[in-house]
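# generate coordinates for the sequence data below:
(chains A, B and C)
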Amino acid sequence: MEEFRDKRVIQALLVELEKKTRALPSSIRIMEVCGTHTMTVHRYGLKKLLENIGVEMISGPGCPVCITPNEIHEAAIELVTKKKNFILTTFGDMTRVPSRKGSLQTEVPASGSVVKIVYSPEESLEQARSNPEKNVVFFGVGFETTIPAIALTVREAFFEGLTNFSILSALWLIPPPLKAIVEAKEIAIDGFLYPGHVSAIIGEKPYQFIAEDYSIPGAIAGFEPSDMLLGISSILDQIHQGKAMVSNEYSRVVRPTGNPKALAVMEEMLETKNAYWRGLGLIPLSGLKLKKKYSNYDAENKFNLNIKGGSGDLPGCRCGEVLQGVISPPQCSLFAKKCNPNSPYGPCMVSFEGACFVHYKYNRGLNE
Amino acid sequence: MNKKISLELGSGGKLMRDFIAQHIVKTFNNPFLDELSDSALLPRQIAFTTDSYVVDPIFFPGGDIGTLCINGTVNDLIVSGAEPKYISLSLILEEGMSWEELEKILKSIKKSAKKAGVEITTGDTKVVRRGQGDKIYINTSGIGKVLTKPSIKKIRPGDKIILTGTLGEHSLAVMLARGDFGLESTAKSDCAPLNFLLPFWKEGVLWMRDITRGGLATVLCELAERTNFSLLIDEENIPLSRAVRGATELLGIDPFFLACEGRAVLLVPKKKANELLKKIKMNPLGKKAKIIGEVEDKIGKPGELLLSTCSGGLRLLEPLTSELLPRIC
Amino acid sequence: MCLGIPAKVVKIEESNFGKVDYLGTKVKTNLSLIEDVKIGDWVIVHAGFAISKLNEEEAKETLLMLRELASQQATEDKKNDVEARKNNQKQRI
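Numbering: from 1, shown residues only, chains lettered A, B, ... in the order given. You can find the predicted model right below:
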């Protein structure tokens, strides 16, 4: 593991990259679409180091906490503050997101209800088993990396015949927003860095259309700094060769066909739906929900939550443009002023992996 | 509008600090509270502190609520420049708690008090109905003899930050005891009295703080805010045990925010740093001590805590708005 | 959000669960998404689930390549250090 973060390895890779960018006429713009990639870029100072050699890293809509809209957060808050004897289980970062009704962290639960932070959806099942008199809802948010785990958990509950367990889901697919961004042509993107662990599930095929239909090079990359540099190296090679493909630079984890078992359980339990992405609006077939057979495990159905999409962002918030890579965080006039990690105005400043949050935290001391 | 007390208020994070500043300090309005230090420095060289212990569960690898309630309070005195002397012990017991468990805890208290050189001189016992408490809550107040007053105003750029040992062991121990995530590890709580640091007050230490709720980042952020400088710490120099590294990476938790109960940070003048570090390392509780950073006036803005990463990235560390794990101490 | 850690499978229990070891810490993990999982396999763990088996051959290859790069760079660094010292001496003279 250490080698992947080794200072000298990073230096050596950057030297290699510089040889490749030197021969190119202008700087290259590469978009990554994964919060963990955003973190790595900033945490290891790669953003500046890459800029110096002519590679500009742009952050795309890769943060599931950031793109989950207001109305879903508010539904979660409603559940635990208005209904008694509810256990709302959630990943930690979701609790900090402010909505028009406060956040899960600040709002006081109803009598007998509680918010519990979990590391795995399995823990929610355990809560349901040990608290049969309470309703347990798992706030299931994630991309394809997390979706199979959530689907499996519901499957377990279904086969066990648990009646007090359900999920409030915010399940997002990576390829559709990529299509939307490329079609929108708001910015020029010279290459995509595809998220390594999403790819471990879905394989290489779902990204092929970006290479074939839009001739944009791409590489699947892991999350250590050298993994990302290897991915960028492949993109530069493709640009030199005038090729566009989906290269796999994370082959120690990603197989070309992904994880068949994971894909099978997703197929079995879920179906696609049109979904509202915060900042990006409605993207067709970009979300997943439980199939009708499992509707008793869908909290939206079970508790008649009536979630109406499209509530939009707060006035003046430019997260939508940040998520599409159209502007960088400092270009938003609210950045670091009205909107900062202690009082975030928009979703990109809330999540630990949001573009604005990461930029704020990792670019101190650099003249801004 | 939030008209009820939320759990977040007791987390040790921003909401709690705001509550103390805006309600406690304002309501009681006196120069002792204005200092907002771990212990009040009273006339006649007396230091006075108090703490309540609600840790869940009450037994964990390496300690229990008894060990905690003595060491936590003793350490608050030590880092304020005082030698701990006398402790009050208030117990709030829940009806139905087991005698055996209570006896174990009292034994721990006795053992810890002896180790820390303090006497239990007064106290109180209350019992509440089953369901109205949680086995046992403890409050301890401590009185100490002031040896030196910390001199935060003497801190200058270049002064060094020493961390006395590895981070996060206490948090990990509590997680293990809770059976969270089916975790298995050899980690034990770092709960310990820091008496070995007392002599260093006379050797030039400017400021000390023990690292509890909120972790290293919270303690240093508070320091940075009180000085007119920024603090720069080096990620590669921060001691972490293999166990904590493994658990935090697996669970995606940041070790800089994890609670300890037997670790401190010291602010020392540049010239004395190496010598003091050597002396600290001679004590078993300080053997993993390291100089982790320094006071800066050229990088970052005044009041900021910055972490430099192995390849030159610079990260701003800010205190958590709420605790990662509730009822950790 | 894509956080996944490579860990070694050390225990396989019934009904698709097991324990993985990372730096000596063991955690309960759901193994049902992995085909033919065995003790000693390395997997990527995310949110309590193993989502992929590490291909050890590929991992070794990548590691070797990176170690090569590291030592090449170390040699470069040493060369540069020596050059810098020579220049300093020259300047003093």
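# quick one, domains of chain B?
Taking automatic domain parsing as the reference, chain B has its domains at B:37-146, B:152-317.
# and residue B:199, that one's in a helix?
Yes - Residue B:199: assigned to a helix according to DSSP: H, G, I helix; E, B strand; the rest coil.
# quick one: it from chain A, how far?
Residue B:199 is 36 Å from chain A, where distance means CB to the nearest CB, to the nearest Å. All C-beta atoms are positioned from the backbone trio N, CA, C, and that covers glycine.
# ok, now which ones touch residue B:88?
Counting by CB atoms under 8 Å, 6 or more residues apart in numbering or on different chains, residue B:88 makes contact with B:120, B:121, B:122, B:123, B:124, B:139, B:140, B:141, B:142.
# pLDDT (mean, whole number) over stretch A:71-81?
Stretch A:71-81 shows a mean pLDDT of 92.
# not counting sequence-adjacent ones, nearest residue to the residue of the stretch 151-300 of chain B found nearest chain C?
Per CB to the nearest CB, residue B:182 is where the stretch 151-300 of chain B lies closest to chain C, at 2.8 Å. Nearest residue to residue B:182, sequence neighbours excluded (CB to CB, 6 or more residues apart in numbering or on different chains): residue C:28, at 2.8 Å.
# tell me how many other residues crowd that neighbour.
Per other CB atoms under 10 Å in any protein chain shown, the neighbour tally for residue C:28 reads 21.
# now do stretch A:205-222: distance to the chain's middle.
Remark: stretch A:205-222 is offset 18 Å from the chain centroid, using CA atoms, centre = their mean, to the nearest Å.
# hey, C-alpha coordinates of that stretch in CSV?
Taking C-alpha atoms only, stretch A:205-222 is exported to CSV below (Å, rounded to 0.1, in the frame of the first residue of the first chain):
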residue,chain,number,x,y,z
LYS,A,205,-18.7,-1.5,-20.9
PRO,A,206,-21.0,1.2,-19.5
TYR,A,207,-18.4,3.9,-20.3
GLN,A,208,-17.7,2.8,-23.9
PHE,A,209,-20.3,5.2,-25.3
ILE,A,210,-18.1,8.1,-24.2
ALA,A,211,-15.2,6.9,-26.2
GLU,A,212,-17.2,5.6,-29.2
ASP,A,213,-19.9,8.3,-29.6
TYR,A,214,-18.0,11.3,-28.3
SER,A,215,-14.4,10.3,-28.9
ILE,A,216,-13.3,11.3,-25.4
PRO,A,217,-10.5,9.2,-24.0
GLY,A,218,-10.9,7.7,-20.5
ALA,A,219,-9.2,5.5,-17.9
ILE,A,220,-10.5,3.6,-15.0
ALA,A,221,-8.3,4.5,-12.0
GLY,A,222,-7.8,3.5,-8.4
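# which parts of that stretch are buried?
Buried residues in stretch A:205-222, counting neighbours by 16 or more other CB atoms under 10 Å in any protein chain shown, are found at A:206, A:207, A:210, A:211, A:214, A:216, A:217, A:218, A:219, A:220, A:221, A:222.
# what's near enough to touch the fourth one?
Counting by CB under 8 Å, 6+ apart, residue A:211 makes contact with A:217, A:218, A:244, A:245, A:246.
# any idea how far chain C is from it?
In terms of CB to the nearest CB, residue A:211 sits 22 Å off from chain C.
# which SS class is that residue?
Once three-state DSSP is applied, residue A:211 turns out helix.
# neighbours around the closest residue to it other than its chain neighbours, how many?
Leaving aside its sequence neighbours, residue A:211 sits nearest to residue A:244 (CB to CB, 6+ apart; 4.2 Å). Residue A:244 is flanked by 19 other residues according to other CB under 10 Å.
# what's the answer for residue A:111, then?
Count around residue A:111 with other CB under 10 Å applied: 8.
# for it, grab phi and psi.
Torsion angles at residue A:111 (phi, psi; degrees, to the nearest 10) stand at phi -60, psi 130.
# and if you look at residue B:158?
Torsion angles, degrees, to the nearest 10, at residue B:158: phi 100, psi -20.
# which residues of chain C lie near chain A?
Selection of chain C residues close to chain A by CB under 8 Å from any CB of the partner chain yields C:1-4, C:6, C:28, C:30, C:32-35, C:44, C:46-49, C:51-52, C:54-56, C:58-59, C:62-63, C:66-67, C:69-70, C:72-74, C:76-77.
# is it fair to say the residue nearest to residue B:182 lies in a strand?
Yes - in this structure, residue C:28 lies within a strand as judged by three-state DSSP.
# which bits of the stretch 1-150 of chain A sit near chain C?
A:1, A:3-4, A:6, A:8-9, A:11-13, A:15, A:34-37, A:62-65, A:91, A:119-123, A:142-143, A:145-146, A:148-149.
# report the buried members of those.
Buried members of these, scored by 16+ other CB under 10 Å, are A:3-4, A:6, A:8-9, A:11-13, A:34-37, A:62-65, A:91, A:119-123, A:142-143, A:145-146, A:148-149.
# out of those residues, list just those in helices.
Among those, the residues falling in helices (DSSP state H) are A:8-9, A:11-13, A:35-37, A:64-65, A:121-123, A:148-149.
# quick one: mean pLDDT for stretch B:256-266?
Average pLDDT, stretch B:256-266: 95.
# next one: stretch A:331-349
Mean predicted lDDT for stretch A:331-349 stands at 86.
# swap in stretch A:92-103?
In this model, stretch A:92-103 has an average pLDDT of 78.
# circling back to that earlier point, buried among the residues of chain C next to chain A? Make that a ChimeraX selection.
Buried members of the residues of chain C next to chain A can be picked out in ChimeraX with the line below, counting by 16+ other CB under 10 Å:
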select /C:1,2,3,4,6,28,30,32,33,34,44,46,47,48,49,51,52,54,55,62,66,69,70,73
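# helices - which of the residues of chain C next to chain A land there?
Using DSSP H, the residues of chain C next to chain A in helices are C:56, C:58-59, C:62-63, C:66-67, C:69-70, C:72-74, C:76-77.
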